[in-house]
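> Sequence below, structure please.
(chains A and B)
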Amino acid sequence: MPTNEWEFSVVDRRYEASYFEQRFRNRIYEAVIKAVEQAARENKWKRKDLAERIGKKPSQLTKWLAGPGNWTLDTISNLLFAIDAELDFHASPFAKKSKSNEFHDLNWPVVPPAKETSKTVDTTGGTVILPSPQLTPPRFG
Amino acid sequence: MLIRDEIKKHLEAGRLVPVKSRAFWTSEPRCFLLEKELDTELRLERTEPKDINRWAKLEADMSHFVEGGYINWNLMKWLDPQKQEVWELKSVRPKPSIRVFGRFAEPDVFVGTNYQLRNKMKGKWSQEFWNEIGECEKIWADLFKSDPLRGKIYSDYITKNADKRVGV
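Below is the predicted model of the structure:
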């Protein structure tokens, strides 16, 4: 049981790290599956063909395609090699990500719009700058 | 009363709680609402590393839906008999697998009502599974006067970036 603020913080960071592990897994599954689907469509490859291209059984391929639960880095490499492709890498710091404005309208009520009072005035140019709506830090758990 | 009005009323009253992505920069084109008691249960303070890991990953799977991520039958499954309109979100990794049961209120709007660990249930037609389906229906009836969304194909429920099966 956490007994002080620092320990709570460790629990919190551990939770978020696990969350982002799974987020990464889901995102890479999506990226690889989309690439495999597109290549298979363009080349008229079936699962059997893809399996042959990496010397695996079709049943193995079926397991991999079903979900990312047991994927390793080697799985990703194998699936991409099967379609003659590789991933390109680019790390994006969270702080530099631009916020999306696409939200389902039922997700909006919990995100209060920026208040009129939050206007700031640029006295040098006399221009009123409206800050972009600040999203409530997402929390769950 | 339209189901949209019922949802809004429950959101205002806190009887439904939306899952939000922790990736604050992402879009949220879909909506995953949790019934209040389920939300409370998922928020329970957990201190064992394996529990923290497990529940964080369930949250990430729900957020993946909210963020408009690619969904297929292996994550969101329409349970048999389909006429009962009960679905499950399958968070399979790590073990034990967790299933969140619920129904679609509208296209891209899922209401999670109850959950169970997969290892506490037996096969597809087991009594334990039926109990969870029944629990889902009971909670739904308590929340809504309206029926759940009734569709025919996967895309009637999840309109974009979703396929029942991987297209290979």
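> B:Leu44 sits in which helix or strand?
Using DSSP states H and E, B:Leu44 maps to neither a helix nor a strand.
> Mind pulling the model confidence for it?
Turning to B:Leu44, the model gives it a pLDDT of 90.
> how much space between it and B:Tyr115?
B:Leu44 is 12 Å from B:Tyr115, where distance means Cβ to Cβ, to the nearest Å. (C-beta placed from N, C-alpha, C; glycine too.)
> Among the two, which residue is more densely surrounded?
Set side by side, B:Leu44 and B:Tyr115 show more neighbours around B:Tyr115, with 21 against 9, by other Cβ atoms under 10 Å in any protein chain shown.
> ok now do that one, which residues does it touch?
B:Tyr115 is in contact with B:38, B:41-42, B:98-101, counting by Cβ atoms under 8 Å, 6 or more residues apart in numbering or on different chains.
> and if you look at B:Pro49?
Here B:Pro49 is in contact with A:Arg14 (Cβ under 8 Å, 6+ apart).
> Give me the pLDDT for residue 139.
Let's take chain A. Residue-level pLDDT assigned to A:Arg139 equals 45.
> wait, chain B
Reading off the confidence values, B:Ile139 has pLDDT 98.
> quick one: the strand or helix carrying it to chain centroid distance?
Assigned by DSSP H and E, B:Ile139 belongs to helix B:127-143. Put simply, helix B:127-143 sits 13 Å off its chain's centre (Cα atoms, centre = their mean, to the nearest Å).
> Against which helices or strands is that helix packed?
strand B:98-106, strand B:109-117 (3 or more Cβ pairs under 8 Å, 6 or more residues apart in numbering or on different chains; DSSP states H and E).
> The helix or strand following it packs against which elements?
Sequence-wise, the next helix or strand downstream of helix B:127-143 (DSSP H and E) is helix B:154-157. Packing contacts for helix B:154-157, counted by 3+ Cβ pairs under 8 Å, 6+ apart, involve strand B:162-163.
> Other residues contacting the strand it packs on?
B:70-72, B:76, B:154-155.
> 6 Å instead, please
B:71-72 (Cβ atoms under 6 Å, 6 or more residues apart in numbering or on different chains).
> Neighbouring strands - and their directions - for it?
strand B:71-72 (parallel) (DSSP bridges).
> residues making contact with the strand it pairs with?
For strand B:71-72, contacts defined as Cβ under 6 Å, 6+ apart pick out B:158, B:162-163.
> What is the distance between it and the centre of its chain?
Centre to centre, stretch against its chain (Cα atoms, centre = their mean), the figure for strand B:71-72 is 13 Å.
> Kindly report the same for stretch B:72-89.
Here the centre of stretch B:72-89 is set off from its chain's centre by 10 Å, with Cα atoms, centre = their mean.
> CA-only coordinates of that stretch in CSV, if you can.
What follows is stretch B:72-89, C-alpha atoms only, in CSV (Å, rounded to 0.1, in the frame of the first residue of the first chain):
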residue,chain,number,x,y,z
ASN,B,72,-12.1,-6.4,-35.2
TRP,B,73,-14.0,-9.4,-33.8
ASN,B,74,-11.0,-10.2,-31.6
LEU,B,75,-11.4,-7.0,-29.6
MET,B,76,-15.2,-6.4,-29.8
LYS,B,77,-17.4,-9.4,-30.3
TRP,B,78,-21.1,-9.6,-30.9
LEU,B,79,-22.2,-12.4,-28.6
ASP,B,80,-24.5,-15.2,-29.7
PRO,B,81,-27.5,-15.2,-29.8
GLN,B,82,-27.0,-11.9,-31.7
LYS,B,83,-30.7,-10.9,-31.2
GLN,B,84,-29.9,-10.2,-27.6
GLU,B,85,-27.6,-7.4,-28.7
VAL,B,86,-24.9,-8.1,-26.1
TRP,B,87,-21.3,-7.5,-27.0
GLU,B,88,-18.0,-8.0,-25.2
LEU,B,89,-14.8,-6.2,-25.2
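> So which bits of it are buried?
The neighbour-count check on stretch B:72-89 (16 or more other Cβ atoms under 10 Å in any protein chain shown) flags B:72-76, B:78-79, B:85-89 as buried.
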